[in-house]
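**Student:** Any chance you can model this:
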Amino acid sequence: MVAIEFQDERKAGRLFAVEDGAVVGFIAYFVLAEAPHALVAVHTIVEPDHEGRGIAGGLVKSFYGIAAAEGVPVVPLCPYAASWAAKHPDQAPSAPAGVVAAAKAQLDADSDLW
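**Tutor:** Here you go, the predicted model:
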């Protein structure tokens with residue numbers, strides 16, 4: 001079995017899960033415009049033929065790892081990412097309430113993109 005690689009395409013707002021050169025899933029996200037420039041997960045998608053293999057969980061774990069390396073919080077507005085975070089509080093620290101509110105406001109303002 002080929003290992004899943006996670007590739008962050010910041011300009012596209014995507015964290016891809018790639019297996020054998022093919023995208024098998026991704027997190028759609030944006031960077032909060034104001035400090036602390038949190039990473040905001042909006043959607044987590046896994047291709048139907050690849051579901052049930054832990055790819056979505058790997059994506060979210062990798063997403064939190066990227067944010068931790070950058071020293072910024074994650075706001076999991078995606079239901080799957082929020083559920084994963086609730087099950088893994090040791091790996092998914094909660095973002096401050098003000099950051100969550102700012103992320104929701106930015107998402108609402110850019111709703112035509114999502």
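**Student:** Could you tell me which strand of this protein is the longest one?
**Tutor:** strand 22-31 (DSSP state E).
**Student:** ok, then the element right after it?
**Tutor:** Counting by DSSP states H and E, the element after strand 22-31 in chain order, helix or strand, is strand 39-46.
**Student:** can you pull the pLDDT of the residue nearest the centre of the chain?
**Tutor:** Closest residue to the average C-alpha location of the chain: Ala41 at 3.9 Å, with C-alpha atoms, centre = their mean. Note on Ala41: pLDDT of 98.
**Student:** beta partners of it?
**Tutor:** Assessed by DSSP bridges, Ala41 has beta-bridge partners Tyr29, Pro76.
**Student:** Do I have it right that it meets Pro76?
**Tutor:** Yes - under the criterion of C-beta atoms under 8 Å, Ala41 makes contact with Pro76 at 4.9 Å. To be clear about C-beta, it is placed using only N, CA and C from the backbone, and glycine gets the same treatment.
**Student:** Now list whatever residues contact both of these two.
**Tutor:** Residues touching both Ala41 and Pro76 by C-beta atoms under 8 Å, 6 or more residues apart in numbering: Val60.
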